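Asker: Generate a structure from the sequence data that follows.
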Amino acid sequence: MRLTIDLTEEKPLYQQIRDQIVEGIAVGLLAEGTPLPPTRRLAADFGINFHTVNKAYELLRREGLVRLHRKRGAVVHVSAPDAAAWADWEARLRILLAEARARGATAEEIQERCRRILNVLMRPAAGEA
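Answerer: Residues are numbered from 1 along each chain as shown. Got it, this is the predicted structure:
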């Protein structure tokens, strides 16, 4: 999987890295046990501070999507969501849906966009059957 960052985007760099890794896991490009690049190497590749990459990895660790090992580094960890994860997702989703409604989007428009995104995320990754 190839990560990219946009230095001109308002979204923080660590969040861009985190989000792309989450999407990679979701679509099957990053499977359980897949090692992530070392923080210093990824930072050097992007020309950014390694603490930025470390912050993304630490966030993923707190969310339960990676495990950090002294010898192996950051490794993808996939597990079933617990009640706290579901509550967090629902709270964040509620705000996103509220923003769409506040801008005048209809329930049908919102549902169609959600369906479209889910279809992409649920499609088997290349190499999967």
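Asker: okay, CA-based contacts and neighbour counts for the rest of this
Answerer: Will do.
Asker: quick one: low-confidence ranges for the chain?
Answerer: 124-129 (pLDDT under 70).
Asker: distance of the residue most central in space within it from Lys55?
Answerer: The centroid of the chain falls nearest to Val22 when counting by CA atoms, centre = their mean (2.3 Å). Here Val22 is placed at a distance of 14 Å from Lys55 (CA to CA, to the nearest Å).
Asker: Same question for Arg61.
Answerer: From Arg61 to Lys55 the distance is 10 Å (CA to CA).
Asker: The residue of the chain positioned farthest from its centre: what's it in contact with?
Answerer: Most distant from the centre of the chain: Gly104, at 27.5 Å, with distances by CA atoms, centre = their mean. Shown in contact with Gly104 (CA atoms under 8 Å, 6 or more residues apart in numbering): no residues.
Asker: Regarding it, what is its secondary structure?
Answerer: coil (DSSP: H, G, I helix; E, B strand; the rest coil).
Asker: Roughly how far does it sit from Ala56?
Answerer: Taken as CA to CA, the span from Gly104 to Ala56 is 33 Å.
Asker: With Asn119 instead?
Answerer: Taking CA to CA, one finds Asn119 at 26 Å from Ala56.
Asker: Same check on Ala85?
Answerer: 18 Å.
Asker: Compare neighbour counts for the two and give me the winner.
Answerer: Ala56 (20 against 13; other CA atoms under 10 Å).
Asker: residues near the residue lying closest to that one once chain neighbours are set aside, how many?
Answerer: Of all residues not flanking Ala56 in the chain, Tyr14 sits nearest, at 4.7 Å (CA to CA, 6 or more residues apart in numbering). Other residues within reach of Tyr14, judged by other CA under 10 Å, total 18.
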